[in-house]
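**Student:** Dropping a prediction and its sequence here:
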Amino acid sequence: MNRLPVSHPALDFMITHLCGRVDRVRRQELSRGASAVEWVVISAIVVGIVVAIGFTIKGALNGKADDVKQCIDGANGDSGNC
């Protein structure tokens with residue numbers, strides 16, 4: 001298995017260990033990587049939805065705050081639009 005001209009027990013162990021790991025990876029399904037990609041895509045979609053809802057709520061709150069500010073600034077006894 002060792003094709004190198006030098007033989008050392010630590011080197012032999014490392015080569016054997018790495019060959020075993022490569023064989024194990026080749027035999028297993030590669031669905032773990034696909035599953036991780038699916039989770040990333042799902043997370044990105046959820047984050048996008050949360051950001052969109054956050055901007056919508058922020059816009060609505062800013063609009064109502066401006067309305068209240070105008071009512072306070074224009075308080076001269078008329079209840080007009082307030």
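**Tutor:** Received it, and whenever you're ready, just let me know what you need. This structure is a prediction, so every number in the text was calculated from the model and none was measured.
**Student:** ok now the helix or strand hosting residue 19, how far from the chain's centre?
**Tutor:** Assigned by DSSP states H and E, residue 19 falls within helix 9-27. Taking C-alpha atoms, centre = their mean, to the nearest Å, the mean C-alpha location of helix 9-27 is offset from the chain mean by 34 Å.
**Student:** With stretch 55-73 instead?
**Tutor:** Taking C-alpha atoms, centre = their mean, one finds stretch 55-73 lying 32 Å from the centre of the chain it belongs to.
**Student:** can you check stretch 35-49 too?
**Tutor:** For stretch 35-49, the distance from its own C-alpha centre to the chain's C-alpha centre is 6 Å (C-alpha atoms, centre = their mean).
**Student:** re the thing from before, quick one: name whatever helix or strand follows the helix holding residue 19.
**Tutor:** Of the helices and strands lying after helix 9-27 in sequence (DSSP H and E), the nearest is helix 31-73.
**Student:** Mind picking out the helix or strand in the chain with the poorest mean pLDDT?
**Tutor:** Lowest mean confidence among the helices and strands of the chain (mean pLDDT, DSSP states H and E): helix 9-27, at a mean of 81.
**Student:** Show me what that one is packed against.
**Tutor:** For helix 9-27, not one helix or strand is in contact under the criterion 3 or more C-beta pairs under 8 Å, 6 or more residues apart in numbering; DSSP states H and E. Any C-beta I mention is one placed from the backbone N, CA and C, and that applies to glycine too.
**Student:** mind showing which ranges of the chain have poor pLDDT?
**Tutor:** In the predicted model, the chain carries pLDDT under 70 at residues 1-6, 29-34, 76-82.
**Student:** how about a cut-off of 80?
**Tutor:** 1-8, 10-11, 24-36, 74-82 (pLDDT under 80).
**Student:** Assign a three-state SS to residue 75, would you?
**Tutor:** Here residue 75 is recorded as coil under DSSP: H, G, I helix; E, B strand; the rest coil.
**Student:** what's the neighbour count on residue 15?
**Tutor:** Here the count is done by other C-beta atoms under 10 Å, and residue 15 has 14 residues near it.
**Student:** Check residue 12 too.
**Tutor:** Residue 12: 13 neighbours (other C-beta under 10 Å).
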